[in-house]
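Sequence and predicted model, in that order:
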Amino acid sequence: MSIEDSFAALCVSGSNDALSVKSLVFKPKTPKTATPIPIVVVALQTTNTPSPIIASASNTKEPRLARDELFQSIFKVEKAQDFHLGNLQNIENEFVVLLDSNLNAVDEKAVLQLTSDKFISKGKLLEYLNQFKPVEVDFSKAPEPTTAKKSGKKPSASSNKTSNTSTLDDAKLIGITVDKAKDFPGWYQQILTKGEMLDYYDVSGCYILRPGSYFIWEQIQHWFDAKIKSLGVQNAYFPMFVSSRVLEREKDHIEGFAPEVAWVTKAGSSELEEPIAIRPTSETVMYPYYAKWIQSYRDLPLKLNQWNSVVRWEFKHPQPFLRTREFLWQEGHTAHLTSEEAQEEVLQILDFYEGIYNELLAVPVVKGKKTEHEKFAGGVFTTTCEGYIPQTGRGIQGATSHFLGQNFSKMFNFSVENPLGSEHPKIFAYQNSWGLSTRVIGVMVMIHSDNKGLVVPPRVSQYQAVIVPVGITSKTSDENRAKINKTAQHIESRLIKAGIRATGDYRDNYNPGWKFANWELKGVPLRLEFGPKDLSEGQVTVVKRNDSKRMTVKLDELEARIPEILEDIHEELFVAAKQKFDSHRVIVDEWKDFVHALNQKNVILSPWCGVEECEEDIKNSSAQKDDGEEFEQDEKSPSMGAKSLCIPFDQPELKPNQKCVKCHRKAVNYCMFGRSY
């Protein structure tokens with residue numbers, strides 16, 4: 001019997017009541033010459049498995065999720081997603097199994113779901129794992145604190161006291177004066193201004209994008225522009241002004257924007273004959289000209305995109321990047337001959353948006369479809385990428401791609417002869433619109449940054465590495481001083497030639513400690529320190545911004561190692577953010593558990609009937625504390641009720657006759673609900 005067959009013999013048929021179990025493989029920090037000892041974590045899907053506890057339980061250093069190469073070399077499977085616990089029988093190398101203690105509370109006969117198609121009873125699973133001598137771990141306990149070395153001083157009494165204020169003790173050193181965990185809005189404001197991402201303008205709700213943030217937007221532009229051009233999309237530009245006559249042609253569409261439209265009513269001292277609106281979006285600006293340009297089915301598809309700014313005069317409390325009165329975005333508008341072709345593009349664009357978040361910003365998102373109530377007015381359906389801000393427990397809409405159907409082409413009367421012949425009816429074009437804005441920068445900042453300042457993912461950071469000469473004192477000879485600075489400058493030039501965005505800080509009016517704090521505040525991914533010891537040993541000391549870990553890199557390995565470390569940082573940021581999102585996205589089937597789960601900073605997947613009145617009832621009924629009391633109203637805060645974020649494409653399986661989480665109706669799908677920005 002093959003290994004695959006022997007494990008399959010232990011498995012059972014699937015069950016709707018099965019408890020989900022995750023099997024994660026971690027690779028600890030290992031010397032290059034040593035073979036890594038994988039750590040296999042088997043835990044309930046609902047159990048959070050922090051890396052420090054994994055390190056403590058396995059007696060290893062810095063475990064991180066394993067890459068495909070480890071699975072290929074040790075488990076003999078091509079990719080991580082192909083791995084299952086049966087593959088443990090393939091291993092000839094040493095490995096460690098950590099077992100979630102929460103499994104003790106599960107009935108021996110309970111069915112556990114290991115993968116989409118593999119189910120096993122708890123008893124059989126433990127019997128199988130016992131041959132590998134698993135270590136039982138209580139992941140709810142914090143790892144033992146490490147004892148400070150090289151210090152005989154006892155901690156002062158004051159150091160054991162916890163402060164209720166948001167002020168940071170070492171604020172003068174690092175520049176941020178409030179704690180992210182205690183005053184998130186104040187922290188966010190300081191992060192952006194002190195990190196030199198933006199500055200406030202004298203018109204409320206409008207902000208100046210400084211080079212650090214605009215560079216991020218440029219990187220997004222370059223990446224996305226290449227992607228859409230591969231689909232045949234061309235860039236164009238339409239005026240920012242739209243007449244009230246044109247704007248009001250589509251009353252249903254503009255209704256959602258009406259309170260936010262900014263109007264120009266005067267030119268100098270003269271009143272305009274007709275008020276002119278500043279575009280909140282460009283459907284009504286562009287589509288009269290689509291009707292003019294599309295004269296035949298041979299003119300389709302027409303695919304245009306523009307990079308521009310729009311104005312939405314929000315009366316709510318503005319927030320930099322998230323809710324501003326003027327913002328930058330791209331808006332794509334395409335027209336197609338068939339519905340199938342248009343809908344295919346909608347999903348392709350949504351995949352590109354997911355790529356921006358995952359591949360550039362190291363931010364996980366959930367793709368899905370908006371409810372009828374939340375979809376774009378005038379569209380047939382709206383697809384979306386939804387993010388999650390761990391500190392507040394709120395969801396945030398990241399980007400949207402809309403299928404407009406024939407609604408606008410009928411309104412603006414652009415139709416073409418049927419390719420089948422004149423005896424067939426004319427065809428109104430099928431349209432899409434899709435957009436992503438500078439809001440993405442705010443999402444990235446909120447998720448990754450910390451109390452030292454910005455943390456910017458390497459692929460979008462204006463500078464990926466900063467070189468700082470160190471160890472130069474009044475006793476340093478002029479010759480050594482010159483040699484250290486010259487070698488540091490040579491390191492900088494080598495990195496630039498290798499395609500790394502590097503800069504050097506050679507200012508002699510600031511000490512290295514001040515420079516370190518300054519560049520940490522700006523979020524530069526890597527700091528390279530170069531001093532007398534580094535000079536003598538032919539190395540440079542590298543410090544990672546995301547976790548402050550230090551390492552040395554030989555100068556002759558510089559061009560090879562620095563890109564690898566930058567890639568590690570991107571992966572570490574993404575994995576950390578994804579673990580937080582995954583552990584706070586919970587399934588709730590019964591209303592009695594809904595509000596409590598929401599108040600634990602979770603977004604919630606619940607079975608839902610699809611009825612708009614029920615959706616509104618969920619939002620209203622969830623704006624309360626665990627004791628049933630309503631939250632105090634605050635105009636500066638988003639709604640405390642759970643709105644529908646999306647109907648995820650990746651759906652849990654509905655149980656037979658599953659009821660809606662709120663009402664008596666039959667559920668039609670799972671919907672993701674959450675408090676939202």
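Received the coordinates, thanks. Computed from a predicted model, the values in this text were never measured in an experiment.

Mind pulling up the pLDDT for Gln81?
Predicted confidence (pLDDT) for Gln81: 75.

and it, that's in a helix?
Yes. The assignment for Gln81 by DSSP: H, G, I helix; E, B strand; the rest coil puts it in a helix.

where's it relative to Thr284, distance?
Noted for Gln81: a distance of 45 Å to Thr284, by CB to CB, to the nearest Å. C-beta here means a position set from N, CA and C on the backbone, and glycine is covered the same way.

Tell me which of the two has more neighbours.
Between Gln81 and Thr284, counted using other CB atoms under 10 Å, the more crowded position is Thr284 (24 against 10).

Now do Ala375 against Gln319, distance only.
Careful, residue 375 is Lys and not Ala. 24 Å.

typo on my end, Ala43
Taken as CB to CB, the span from Ala43 to Gln319 is 37 Å.

Identify the residues contacting Val135.
Counting by CB atoms under 8 Å, 6 or more residues apart in numbering, Val135 touches Ala57, Ser58, Val96, Val97, Leu98, Leu99.

okay if I get the residues you listed as TSV plus secondary structure and pLDDT?
What follows is the contacts of Val135, written out as TSV (DSSP: H, G, I helix; E, B strand; the rest coil; pLDDT from 0 to 100):
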residue	secondary structure	pLDDT
Ala57	helix	88
Ser58	helix	88
Val96	strand	91
Val97	strand	92
Leu98	strand	93
Leu99	strand	92
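
And the furthest pair within these?
Pairwise distances among the contacts of Val135 were taken by CB to CB; the largest, 11.8 Å, belongs to Ser58 and Leu99.

Dihedrals phi and psi, Ser580?
For the record, residue 580 is Lys, not Ser. phi -70, psi -40 (degrees, to the nearest 10).

Burial check on it, number of neighbours?
18.

That one contacts Gly387, correct?
No. With contact defined as CB atoms under 8 Å, Lys580 does not reach Gly387; the gap is 11.2 Å.

Worst mean pLDDT across the helices and strands of this protein, which element?
Every helix and strand of the chain was ranked by mean pLDDT, DSSP states H and E. The lowest is helix 171-174, at a mean of 48.

who touches whichever helix or strand comes after that helix?
As assigned by DSSP states H and E, the chain's next helix or strand after helix 171-174 is helix 184-194. Here helix 184-194 makes contact (CB under 8 Å, 6+ apart) with 166, 175-180, 197-200, 319-321, 391-392, 445-446, 449, 451, 453-454, 521.

Centre of the chain to the following helix or strand past helix 184-194, how far?
Sequence order places strand 198-200 as the next helix or strand after helix 184-194, per DSSP H and E. Offset of strand 198-200 from its chain centre (CA atoms, centre = their mean, to the nearest Å): 23 Å.

buried set for whichever helix or strand comes after strand 198-200?
Using DSSP H and E, the helix or strand that follows strand 198-200 in sequence is strand 207-209. For strand 207-209, burial by neighbour count (16 or more other CB atoms under 10 Å) applies to Tyr207, Leu209.

Parallel or antiparallel, which strands does strand 207-209 pair with?
Strand 207-209 sits in its sheet next to strand 198-200 (antiparallel), going by DSSP bridges.

what sits against the residue lying closest to Leu300 once chain neighbours are set aside?
Nearest non-adjacent residue to Leu300, counting by CB to CB, 6 or more residues apart in numbering: Leu337, 4.5 Å away. Going by CB under 8 Å, 6+ apart, Leu337 touches Tyr297, Leu300, Pro301, Val416, Pro419, Ile427, Ala429, Tyr430.

Distance of Leu337 relative to Asn518?
Distance, Leu337 to Asn518, using CB to CB: 56 Å.

cool, Phe215 as well?
With the distance defined as CB to CB, Phe215 ends up 18 Å from Asn518.

Quick check on the two: which one has the bigger neighbour count.
Taking other CB under 10 Å, Phe215 and Asn518 do not tie; Asn518 has more neighbours (20 against 17).

tell me the contacts of the spatially most central residue of the chain?
Nearest to the geometric centre of the chain sits Val363, at 2.2 Å (CA atoms, centre = their mean). Val363 sits next to Tyr357, Gly387, Gly398, Val443, Met444, Ile447, His448, Phe574, Ala577 when contact means CB under 8 Å, 6+ apart.

Surely the third one and Thr438 touch.
When you say that, I think you mean Gly398. No. Using CB under 8 Å, Gly398 is not in contact with Thr438, being 11.9 Å away.

re earlier: narrow the contacts of helix 184-194 to those that are buried.
Listed as buried from these are 175-180, 197-198, 319-321, 392, 445-446, 449, 451, 453-454, 521; burial here means 16+ other CB under 10 Å.

Any stretches of the stretch 201-350 of the chain with poor pLDDT?
For the stretch 201-350 of the chain, the stretches with pLDDT under 70 are 249-258, 315-316.

So which residues of it form helices?
211-229, 244-247, 251-255, 283-293, 339-355 (DSSP state H, counting those that start in this stretch).

what does the stretch 351-500 of the chain give?
Along the stretch 351-500 of the chain, the stretches classed as helices by DSSP H, counting those that start in this stretch are 407-411, 439-448, 478-497.
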